[in-house]
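Q: Mind looking at a prediction? Sequence and model below.
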Amino acid sequence: MAALTFALGAAITRLIWEGIVNPSAGTLTLISLVILVILGGYALFIYLTTKPSREKLKSLPVVIGVTVIATVALIGTVFHFTRFIPSPEAAAPLSKVIATLLLLAAVSSYFLILWGFWSIRKAKES
């Protein structure tokens, strides 16, 4: 867990440094979303690894946490996609194809997560 803490600390420090070097509104927004996803995912990881249980995994706070993290990640993905496509870095047609496939993967994963949680909650209520 300590190694993961150091690695995530380094990643967040690098993201903050990028925000200081390139302080445009779009960059700061995207960096903020990525930092929120990293911190939220790490907090969820710590919560689930302290006294792990199947009940904790199916609990409402975990469902809400994963849904919020996935939503913020999807918003960041869409935001990055809309900034990347018209940029000069996406001049090659293959770059646009790869970016579109990654966006579609993120959207389908998001709906798969929501469907999974919905079906678990529905089965739990029955």
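A: Arrived safely. Numbering: from 1, shown residues only.

Q: Relative to residue 80, how far out is residue 42?
A: 21 Å (Cβ to Cβ, to the nearest Å). Yep, even glycine has a C-beta here, placed from its N, CA and C like the rest.

Q: With neighbour numbers in mind, choose between those two.
A: With neighbours defined as other Cβ atoms under 10 Å, residue 42 and residue 80 compare such that residue 80 has more, 19 against 16.

Q: If we ignore the residues flanking it in sequence, what's nearest that one?
A: Nearest non-adjacent residue to residue 80, counting by Cβ to Cβ, 6 or more residues apart in numbering: residue 30, 5.9 Å away.

Q: Name the residues of the host helix or strand of that neighbour that are buried.
A: Per DSSP states H and E, residue 30 falls inside helix 25-49. Buried residues in helix 25-49, counted by 16 or more other Cβ atoms under 10 Å: 29-31, 33-38, 40-42, 44.

Q: quick revisit: wait, the residue nearest to residue 80 sits on residue 78?
A: No. Counting by Cβ atoms under 8 Å, residue 30 does not reach residue 78; the two are 10.7 Å apart.

Q: Need the overlap of contacts for the two.
A: Contact criterion Cβ atoms under 8 Å, 6 or more residues apart in numbering; residues shared by residue 30 and residue 78: none found.

Q: Now do the contacts for the closest residue to residue 75 other than its chain neighbours.
A: Leaving aside its sequence neighbours, residue 75 sits nearest to residue 33 (Cβ to Cβ, 6+ apart; 6.3 Å). Neighbouring residues of residue 33 by Cβ under 8 Å, 6+ apart: 72-73, 75-76, 79.

Q: just the helices in this protein please.
A: 2-21, 25-49, 54-57, 60-84, 93-125 (DSSP state H).

Q: so can I have TSV of those helices showing mean pLDDT?
A: TSV is the format used below for the helices of the chain (pLDDT from 0 to 100):
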stretch	mean pLDDT
helix 2-21	91
helix 25-49	92
helix 54-57	86
helix 60-84	92
helix 93-125	89
